[in-house]
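**Q** show me how the following folds:
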Amino acid sequence: MRIYFKSLASGSSGNCYYLGTDRSGLLVDAGIGVRTIRKAFKEAGMDFSMVRAVLVTHDHADHIKAVGHLGERFNLPIYATPEVHKGMKRSYCMTEKLSPLHTRFLKKEEAIQVEDFRVTCFDVPHDGTDNVGYCMEAGSLTFVFLTDIGHITETAAAYIQRANYLILEANYDEAMLQMGHYPNYLKARIAGLNGHLSNREMADYLAEHFPPGLRYLWPCHLSKDNNHPELVLKTIEMAFLKKGIVVGKDVQVLPLRRMTPSELYTFDTEEVDLSASVTN
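**A** A predicted model of the protein is given here:
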């Protein structure tokens, strides 16, 4: 069985990720317009009708913009915790609300089968109404999504350790944030325990607690004003090298861009070395 991964957008302007097989696929968050989503599918030679469900991490605008439209207009089930569903109902940015027909409830750390994936959501510290990460297993492969997280908790750490493929936030460079133009209250919110993860925090944590089966790391949710992909990569390379982990050899590190879709990555669950090919 083959697994396909593609980031459609990753950042405060909108987040949306695709994970699928040859038979069906799932979106994690839908914080960009449906037209943008469908355009990205078409340009990648992907079939949008393969999308069978949407998994929502939390109710912030950059993660839910198109959720109602996808549920109601495309007849897709929308999976989230009860509190996230309540938050989406109250949200001003989700103009099309979900009907009970398309509403699916998740319980944290209770695995369910969604199409070809065994899906488990788990608690993460952030400042939405409720906030989860996702562990998604298919065949021999485990993907873990942590798109917005203020700090690494014991729960998050346990799922990170299981990851072969990890999508983990690296939102800001600490010096850029502190010297930047944001007001002090916003700087404090971003750097707080329920805010976002910095490049250094992410890199140092993974260097000290490198998951034994990790093959690919995609730093995500990079800030427009306080970060850039080259800086994220350099920070990770330096932290990893101190622990003898060589980027490009021991693990592939590919920062996801805010507005530009990633490559389409293809993984074979039968390959012992968990290697991947990239479709341009």
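**Q** export stretch 49-62 to CSV, keeping only CA atoms.
**A** What follows is stretch 49-62, C-alpha atoms only, in CSV (Å, rounded to 0.1, in the frame of the first residue of the first chain):
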residue,chain,number,x,y,z
SER,A,49,-12.9,13.1,-4.9
MET,A,50,-10.4,10.9,-3.0
VAL,A,51,-10.9,13.2,0.0
ARG,A,52,-13.4,11.4,2.3
ALA,A,53,-13.2,13.3,5.6
VAL,A,54,-11.7,16.3,7.4
LEU,A,55,-9.9,16.1,10.8
VAL,A,56,-9.8,19.4,12.7
THR,A,57,-7.1,20.3,15.2
HIS,A,58,-8.7,23.4,16.8
ASP,A,59,-11.1,26.2,16.0
HIS,A,60,-8.8,29.1,15.1
ALA,A,61,-9.7,30.8,11.8
ASP,A,62,-6.6,29.6,10.0
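**Q** tell me the SS of residue 136?
**A** Under the three-state scheme (DSSP: H, G, I helix; E, B strand; the rest coil), residue 136 adopts strand.
**Q** for it, give the beta-bridge partners.
**A** Judged by DSSP bridges, the bridge partners of residue 136 are residue 119, residue 143.
**Q** got the contact list for it?
**A** By CB atoms under 8 Å, 6 or more residues apart in numbering, the contact set of residue 136 is 19, 26, 117-120, 142-145. C-beta coordinates here come from the backbone N, C-alpha and C atoms, glycine included.
**Q** next, format those as CSV and append neighbour count and distance to residue 74.
**A** As requested, those are exported to CSV (neighbours: other CB atoms under 10 Å; distance: CB to CB, whole Å):
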residue, neighbour count, distance to residue 74
19, 25, 17
26, 24, 13
117, 26, 19
118, 13, 24
119, 22, 19
120, 21, 25
142, 19, 28
143, 24, 23
144, 24, 27
145, 27, 21
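**Q** between those, which sits nearest residue 188?
**A** Set against residue 188, the nearest of the contacts of residue 136 by CB to CB is residue 145 (26.1 Å).
**Q** residue 35 versus the closest one, what's the distance?
**A** 24 Å (CB to CB, to the nearest Å).
**Q** in the helix ranked longest in the chain, what's buried?
**A** When the chain is parsed with DSSP state H, its longest helix is helix 229-242. Neighbour-count burial for helix 229-242 flags 229, 231-233, 235-236, 239-240 (criterion: 16 or more other CB atoms under 10 Å).
**Q** now the element after it, going C-ward?
**A** Once the chain leaves helix 229-242, the next helix or strand it forms, by DSSP states H and E, is strand 252-253.
**Q** so what does that next one touch, helix or strand wise?
**A** If you count contacts as 3 or more CB pairs under 8 Å, 6 or more residues apart in numbering; DSSP states H and E, strand 252-253 packs onto strand 216-220, helix 229-242.
**Q** noted, bye for now.
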